[in-house]
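Participant: Structure, please.
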Amino acid sequence: MKLLTTANEINDTLYRLVKQCQSCQIAVAWASTGTKPFERLRDHQDKIERMVVGTHFYQTDPSFIEAFMQHANVRFVRTTDGVFHPKMYFFWLQGESWACVVGSPNFTAGGLGGNEEVATLITDADDGADEALAQITSAISRYWQLASPITDKQLEAYRQAWRRKKPVLKRLRGKFGIPDDDSDDSGKPPLDVPILTKTWEQFFNEVKSEKDHHTLPGRLDVIRGTRALFAEYHQFQDIDQIGRRKIAGLIDDADAGVNYLWFGSMKGAGKFWKAINDNDPHLSSAIDLIPATGVITRDVYLAYIDEYRRAFPEGRHGIATATRLLAMKRPDYFVCFDARNEEGLCDAFGISRNVGYEVYWDSVIERIVESSWWNVPCPQADQERDVWLARAAFLDSLYYDGKGL
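Facilitator: Now for the predicted structure:
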């Protein structure tokens, strides 16, 4: 008997045993691709006597399922009663020799790589080996009865659910970033990013303390003005040109004393000016996709981006103009990301400054909606409530850099 105390040691042991064995029986809660034992087993599937893999919480990679689903000796546990949670790797070696790894690691890249794991290697040479062998094979036989093959249709349904759940699972692991990229940590752990743990009181006090270039009453006037325009008209294209320019951050309103250039001035974006003046239908279709209330998903955001980009088929379209419109339509969810706050926002959220459309959602918006200050109930005091209703957009007041103005 031997204690394996690191994921790398477990990985190397499993790879060796898969390579040496005549046959194997495996029962694990979750599995993924991207490990040497996986690759060895995938390429030598004739060695599989029985393999049972769970799918609870959508932790098993669909690509792993696809790699083995046609094998008659591979089944998957798809029931939702309880949690299928064993981690048992049994190998028949030469003659009557056998070995079994039992412990904490799943057959995943994390379990065999980045995680802290421990397992025990049991062999036929250990005391009590005959009794252990009977218990191991009995347990795997029991697991086999719980499982069943998976069809192409079932795999596709699982894959779709897995894609929907993956961003959530990634956030639960304390990671933010592109859902399909498990290697992307997108910077610091959440507890090392102060903006994520800032209280509402701290956030609101910092908003109120902005003095150099903007005022809180002036910012609230912008929010109220754009909100009124969206409330009055069913579609963005129904708003008159002046109103669209206000929402787009292209003009101020000196007569009314409201500076719509706050929360991101887009005066220098020539092609954006033209699209707004021409009332480009793609801009309207894009912003109309964003609901006025309720939860906004990544898929809805990406649909907005796809339609927004159609307004600029021949020219450069930037994250600043796209997020200016978003911040005015839903200031509770979005902040205008432009040259004046880019440095501060990236430093605050612990991310690099290479922010494109997907990174904006995966590394900025995901962090915003996980932040302590964002998740507090709506305050009752008038001014505080108004800021809360536009709390994401008000990040601009914390990180705006007016140097050079």
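Participant: can you give me the helices for the stretch 251-400 of the chain?
Facilitator: Taking DSSP state H, counting those that start in this stretch, the helices of the stretch 251-400 of the chain run over residues 270-277, 281-288, 298-309, 319-329, 342-349, 357-359, 366-370, 382-388, 395-399.
Participant: Including mean neighbour count, mean pLDDT and distance to K47, could those helices go into a markdown table?
Facilitator: Where you see a C-beta, it was placed from the backbone N, CA and C, and this is true even at glycine. What follows is these, written out as a markdown table (neighbours: other Cβ atoms under 10 Å; pLDDT from 0 to 100; distance: least, Cβ to Cβ, whole Å):
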| stretch | mean neighbour count | mean pLDDT | distance to K47 |
| --- | --- | --- | --- |
| helix 270-277 | 17 | 93 | 60 |
| helix 281-288 | 20 | 96 | 53 |
| helix 298-309 | 17 | 94 | 40 |
| helix 319-329 | 25 | 96 | 50 |
| helix 342-349 | 18 | 89 | 47 |
| helix 357-359 | 18 | 87 | 40 |
| helix 366-370 | 19 | 87 | 41 |
| helix 382-388 | 16 | 96 | 59 |
| helix 395-399 | 23 | 94 | 55 |
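Participant: Out of those, which is closest to E131?
Facilitator: helix 366-370 (48.8 Å; Cβ to Cβ).
Participant: Per-residue pLDDT of the closest residue in space to G103 that isn't next to it in sequence, please?
Facilitator: Leaving out its chain neighbours, the residue that sits closest to G103 by Cβ to Cβ, 6 or more residues apart in numbering is A119, at 2.6 Å. A119 is assigned 97 on the pLDDT scale.
Participant: and F203, what is it in contact with?
Facilitator: With contacts defined as Cβ atoms under 8 Å, 6 or more residues apart in numbering, the neighbours of F203 are W373, R391, L398.
Participant: State the distance from the residue nearest to G103 to Q20.
Facilitator: Between A119 and Q20 the computed distance is 17 Å (Cβ to Cβ, to the nearest Å).
Participant: So those two - more neighbours on which side?
Facilitator: When A119 is set against Q20 and neighbours are counted by other Cβ atoms under 10 Å, the residue ahead is A119, at 25 against 12.
Participant: surely that one meets N8?
Facilitator: No. Between A119 and N8 no contact is recorded; they are 11.9 Å apart, counting by Cβ atoms under 8 Å.
Participant: how is this structure carved up into domains?
Facilitator: Structural domains annotated on the chain: 2-172, 190-399, as defined by automatic domain parsing.
Participant: quick revisit: how close does the residue nearest to G103 get to T5?
Facilitator: As defined by Cβ to Cβ, A119 lies at a distance of 8 Å from T5.
Participant: Check which helix or strand C100 maps to.
Facilitator: strand 98-103 (DSSP states H and E).
Participant: quick one: contacts of that strand?
Facilitator: Contacts of strand 98-103 (Cβ under 8 Å, 6+ apart): 4, 10, 13-14, 17, 87-93, 117-124, 132-133, 136.
Participant: Which strands or helices does whichever helix or strand comes after it pack on?
Facilitator: Following strand 98-103 in sequence order, the next helix or strand is strand 119-123 (DSSP H and E). If you count contacts as 3 or more Cβ pairs under 8 Å, 6 or more residues apart in numbering; DSSP states H and E, strand 119-123 packs onto strand 2-4, strand 98-103, helix 129-146.
Participant: Reformat the ones you listed as CSV; add mean pLDDT, distance to D238 and mean neighbour count.
Facilitator: Below are the helices and strands packed on strand 119-123 laid out as CSV (pLDDT from 0 to 100; distance: least, Cβ to Cβ, whole Å; neighbours: other Cβ atoms under 10 Å):
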stretch, mean pLDDT, distance to D238, mean neighbour count
strand 2-4, 96, 66, 15
strand 98-103, 97, 63, 21
helix 129-146, 96, 58, 14
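Participant: wait, which of the helices of the stretch 251-400 of the chain is closest to A157?
Facilitator: When the helices of the stretch 251-400 of the chain are compared (using Cβ to Cβ), the closest one is helix 298-309, at 17.0 Å.
Participant: how many degrees apart are that closest one and helix 319-329 in direction?
Facilitator: If you take axes from the mean of the first three to the mean of the last three Cα atoms, to 10 degrees, helix 298-309 sits at 120 degrees to helix 319-329.
Participant: Can you tell me which helices and strands helix 298-309 packs against?
Facilitator: Counting contacts by 3+ Cβ pairs under 8 Å, 6+ apart, helix 298-309 packs against helix 281-288, helix 319-329, helix 357-359.
Participant: and the last one, how far from the chain's centre?
Facilitator: Mean-position distance between helix 357-359 and its chain equals 11 Å (Cα atoms, centre = their mean, to the nearest Å).
Participant: what do you get for the longest one?
Facilitator: Averaging C-alpha coordinates over helix 319-329 and over its chain gives two centres that are 21 Å apart (Cα atoms, centre = their mean).
Participant: Where does pLDDT dip in this structure?
Facilitator: Under the criterion of pLDDT under 70, the regions of the chain flagged as low confidence span 80-81, 167-192, 212, 315-317, 402-405.
Participant: can you point me to the longest helix in it?
Facilitator: helix 152-172 (DSSP state H).
Participant: What helices and strands are in contact with that helix?
Facilitator: helix 62-68, helix 366-370.
Participant: From what I see, E384 and F204 are in contact.
Facilitator: Yes. E384 is within contact range of F204, at 5.9 Å (criterion: Cβ under 8 Å).
Participant: Nothing else from me, thank you.
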